[in-house]
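1. Only the shape, not the letters, is given here:
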């Protein structure tokens with residue numbers, strides 16, 4: 001059998017002795033007239049069983065206790081055939097047959113017997129309404145949601161107010177959710193939460209799922225705030241709240257939530273760290289973005305790929321931490337098979353006028369290759385500038401001539417070659 005939503009507790013399994021006790025064999029105080037919530041009146045007399053019937057039922061109880069369900073079922077059926085017009089006994093026997101069938105996982109048969117016991121309308125209130133509620137649960141667990149809702153609504157209508165607990169509203173919410181009536185699910189689960197001193201985690205999760213389905217993201221955020229307050233050690237709630245804030249364009253709150261989760265040591269996966277780094281970056285806090293991601297790489301949580309080291313380097317550069325950017329680009333370059341990263345490193349080294357290191361980076365970039373024409377032209381142009389600064393004038397001329405073969409660098413290369421000729425003339429004079 002396929003169960004329904006996990007928020008609903010399993011149907012209570014009573015022993016046959018418990019069923020008989022509920023049926024009023026030990027006392028008659030629950031019998032009598034009661035004004036129903038729907039305006040009806042239930043007037044049930046005190047049922048009695050003779051000693052012989054009691055002994056038979058007690059023997060069947062022993063069979064159930066020994067898990068001899070087939071024997072118990074046959075004996076109960078024989079008793080039912082002999083029960084005649086005794087509605088009270090027939091109700092007790094149908095109730096017991098339903099419970100035996102439940103134990104044997106014959107749920108359709110169990111439902112039929114339980115419903116017959118309720119239809120006879122002779123059992124005391126406590127048992128009668130407990131069976132009505134169990135029938136609603138069984139329909140739900142059998143994925144017969146319309147029938148489950150109809151039975152539960154009848155139970156709400158007729159049961160004494162004291163019988164209605166938070167669990168009943170959880171069942172109602174679960175049925176609504178499976179029927180894709182998410183507004184009904186929210187209304188019911190809110191009632192359950194309001195009337196219980198210690199609402200269960202699954203109840204909030206049901207409400208959260210309904211808010212998502214209804215695209216009620218501010219309310220989803222409120223539910224996640226409660227989940228975090230009550231179960232702060234669960235990373236998923238922190239991540240979800242940050243993502244909901246992100247969706248609501250509440251960027252500072254999205255970052256604050258995830259940063260606090262990070263400080264608590266909850267972010268233990270690559271995607272978590274990358275997301276936090278991206279939030280820092282969007283908040284124009286590149287230092288934090290770089291530091292978080294680099295720490296993730298060095299701790300082994302984030303893979304030390306060329307892409308990740310490049311992201312670190314980019315953020316360090318944006319934070320004007322050039323030495324750290326160079327170190328990160330160096331790591332990225334070692335993990336990269338093309339020259340793009342080495343070219344980026346060379347740009348920083350040129351800005352710092354660290355010419356020998358810049359030349360080494362440019363040599364690596366051109367040796368690895370796999371650069372498009374624009375980037376190849378830039379690399380030769382930059383290497384010519386580096387050679388010129390190192391007083392390698394002939395090599396500079398060669399690099400600028402090569403750069404001139406690429407349209408994107410042609411004008412700049414021509415200007416540098418003119419500058420080189422003027423410099424040589426100046427020196428010659």
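-> Cool, the structure landed. Keep in mind the model is a prediction, meaning the values are calculated, not measured.

2. Now do the domain split for the chain, please.
-> 1-164, 337-429 (automatic domain parsing).

3. Out of these, name the one with the poorest average pLDDT.
-> Lowest mean pLDDT of the domains of the chain: domain 1-164, a mean of 78.

4. circling back: show me the one of the domains of the chain that comes nearest residue 301.
-> domain 337-429 (22.2 Å; CB to CB). Using the backbone N, CA and C atoms, a C-beta is placed for each residue, glycine as well.

5. Tell me the span between the first and last residue of that closest one.
-> End-to-end distance of domain 337-429 (CA to CA, to the nearest Å): 47 Å.

6. Could you check how far it is from the centre of its chain?
-> 52 Å (CA atoms, centre = their mean, to the nearest Å).

7. Serialize the domains of the chain to JSON lines and add fields for mean neighbour count and distance to residue 215.
-> Shown next, in JSON lines, are the domains of the chain (neighbours: other CB atoms under 10 Å; distance: least, CB to CB, whole Å):
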{"stretch": "domain 1-164", "mean neighbour count": "17", "distance to residue 215": "20"}
{"stretch": "domain 337-429", "mean neighbour count": "18", "distance to residue 215": "41"}
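
8. Make JSON lines out of those domains and add distance to residue 316.
-> Formatted as JSON lines, the domains of the chain follow (distance: least, CB to CB, whole Å):
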{"stretch": "domain 1-164", "distance to residue 316": "46"}
{"stretch": "domain 337-429", "distance to residue 316": "10"}
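
9. Nearest to residue 218, out of those domains?
-> Comparing those against residue 218 with CB to CB, the closest turns out to be domain 1-164 (22.7 Å).

10. what separates residue 362 from residue 372, distance-wise?
-> For residue 362, the distance to residue 372 equals 16 Å [CB to CB, to the nearest Å].

11. Ok, residue 388 next?
-> For residue 388 relative to residue 372 (CB to CB), the value is 25 Å.

12. outside of stretch 236-251, which residues touch it?
-> By CB atoms under 8 Å, 6 or more residues apart in numbering, the surrounding residues in contact with stretch 236-251 are 208, 217-218, 220-221, 224-225, 227-228, 231, 253-255, 257-258, 260-261, 266, 272, 275, 279, 282-283.

13. Could I have the buried ones of these as PyMOL selection syntax?
-> Remark: buried members of the contacts of stretch 236-251, expressed as a PyMOL selection using 16 or more other CB atoms under 10 Å:
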select buried, resi 208+217+220+221+224+227+228+253+254+255+257+258+261+266+272+275+279+283
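
14. Which members of the contacts of stretch 236-251 are positioned in helices?
-> Judged by DSSP state H, helices contain the following of those: 208, 217-218, 220-221, 224-225, 227-228, 253-255, 257-258, 260-261, 272, 275, 279, 282.

15. In space, what's closest to residue 70 - neighbours in sequence excluded?
-> Closest residue to residue 70 in three dimensions, ignoring its sequence neighbours and counting by CB to CB, 6 or more residues apart in numbering: residue 104, at 7.9 Å.

16. brain fart, residue 77
-> Leaving aside its chain neighbours, residue 77 sits nearest to residue 97 (7.0 Å; criterion: CB to CB, 6+ apart).

17. Thought residue 80 was touching that neighbour, still the case?
-> Yes: with contacts counted by CB atoms under 8 Å, residue 97 reaches residue 80, the gap being 7.2 Å.

18. Do a quick rundown of the strands in the chain.
-> Using DSSP state E, the strands of the chain run over residues 32-35, 41-44.

19. quick one: contacts for the residue nearest to residue 70?
-> Residues in contact with residue 104 (CB under 8 Å, 6+ apart) are 69, 70, 73.

20. Mind doing that once more with 10 Å?
-> By CB atoms under 10 Å, 6 or more residues apart in numbering, the residues touching residue 104 are 67, 69, 70, 72, 73, 110.

21. I'd guessed the second one sits against residue 109; true?
-> What that stands for is residue 69. No: between residue 69 and residue 109 there is no contact under CB atoms under 10 Å: 11.8 Å.

22. which residues are common contacts for the two?
-> 100, 101, 102.

23. Take the residues you listed and lay them out in TSV including distance to residue 188.
-> Below are the shared contacts of residue 69 and residue 109 laid out as TSV (distance: CB to CB, whole Å):
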residue	distance to residue 188
100	32
101	29
102	25
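
24. Show me which helix runs longest in the protein.
-> Per DSSP H, the chain has its longest helix at helix 407-428.

25. Need the residues that contact that one.
-> By CB under 10 Å, 6+ apart, the residues outside helix 407-428 that reach it are 372-382, 384-385, 388, 393-394, 396-397, 399-406.

26. Can you list which of those residues are found in helices?
-> Among the contacts of helix 407-428, DSSP H puts 373-382, 384-385, 388, 393-394, 396-397, 399-403 in helices.

27. tell me the centre residue of this protein?
-> Nearest residue to the geometric centre of the chain (CA atoms, centre = their mean): residue 236, 6.1 Å.

28. how near is that one to residue 199?
-> In terms of CB to CB, residue 236 sits 18 Å off from residue 199.
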